[in-house]
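**Student:** Output the structure for:
(chains A and B)
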Amino acid sequence: DAKTTQPTSMDCAEGRAANLPCNHSTISGNEYVYWYRQIHSQGPQYIIHGLKNNETNEMASLIITEDRKSSTLILPHATLRDTAVYYCIVKNNQGGKLIFGQGTELSVKP
Amino acid sequence: EPEVTQTPSHQVTQMGQEVILRCVPISNHLYFYWYRQILGQKVEFLVSFYNNEISEKSEIFDDQFSVERPDGSNFTLKIRSTKLEDSAMYFCASSRQGDYEQYFGPGTRLTVT
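**Tutor:** Okay, the predicted model is just below:
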């Protein structure tokens, strides 16, 4: 599975959009980009995933660049409850395991 | 909304004792996983399970660990002889298919003294 690079931490003002970047320059054609988050000491929570098209659900939007070497997770109106560690994970469809990195610690401030 | 549940939420045990951590995956899911997270460290994959057998395991998952699906609803992780370094949060996860998103339980905090 391809390696991902994310900033260690980010701040966002409550009510503003949070844009979390992820680099995955070695991604291969059959690998998906998944985003999970972990609120302090809780189990990781699935957010969204995509292959090459942009995706949106009730939690977030995922923008994947045309070359697929990077992506951005967008939380359109961040709340204090969105404070968490966000993980960008690249995974193929052959095996099920998720390989977590250090993620981005997002702090949403009032 | 269906969710993965885990029991107990916190388990304290003495070194050398056996522990069994329990999980109830989402009912129509076919793939089951265990992960662990040592305090302050990354979430690490332990094992995946499908069709009543292990499909993949990590280096961490040595002979001291075993998994079982004893009935149609429970999925268990057994540690035969616990060590101090087994102290961690253990998360169970399930997915409908191997390439689908995984849903995690709230975790069991294992403390080995």
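**Student:** Around chain B, which positions in chain A sit nearby?
**Tutor:** A:32, A:34, A:38, A:41-46, A:49, A:87, A:91-102 (CB under 8 Å from any CB of the partner chain). To be clear about C-beta, it is placed using only N, CA and C from the backbone, and glycine gets the same treatment.
**Student:** can you pull out the helices in chain B?
**Tutor:** Counting by DSSP state H, one finds no helices in chain B.
**Student:** Up against chain A, what does it have?
**Tutor:** Listed as neighbours of chain A in chain B under the rule CB under 8 Å from any CB: B:4, B:31, B:33, B:35, B:42-45, B:48, B:50, B:55-56, B:58, B:89, B:91, B:93, B:95, B:98-99, B:101-107.
**Student:** Tell me who's in contact with residue 19.
**Tutor:** Unless you meant another one, I'm taking chain A. A:Thr72, A:Leu73, A:Ile74 (CB atoms under 8 Å, 6 or more residues apart in numbering or on different chains).
**Student:** Please refer instead to chain B.
**Tutor:** Residues in contact with B:Val19, defined by CB under 8 Å, 6+ apart, are B:Gln11, B:Thr13, B:Lys78, B:Ile79, B:Thr82, B:Leu110.
**Student:** With neighbour count and pLDDT as new columns, can those be given to me in a markdown table?
**Tutor:** Listed next are these as a markdown table, based on neighbours: other CB atoms under 10 Å in any protein chain shown; pLDDT from 0 to 100:
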| residue | neighbour count | pLDDT |
| --- | --- | --- |
| B:Gln11 | 16 | 97 |
| B:Thr13 | 16 | 98 |
| B:Lys78 | 13 | 98 |
| B:Ile79 | 19 | 98 |
| B:Thr82 | 21 | 97 |
| B:Leu110 | 21 | 98 |
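**Student:** and which of these is nearest chain A?
**Tutor:** Nearest to chain A among those is B:Leu110, at 13.3 Å by CB to the nearest CB.
**Student:** does the closest one really touch B:Ala88, like I thought?
**Tutor:** Yes: look at B:Leu110 against B:Ala88 with CB atoms under 8 Å: they come within range, at 6.1 Å.
**Student:** thinking again about what came up before, and the residues of chain A next to chain B, which are buried?
**Tutor:** A:32, A:34, A:38, A:43-44, A:46, A:49, A:87, A:91, A:96-101 (16 or more other CB atoms under 10 Å in any protein chain shown).
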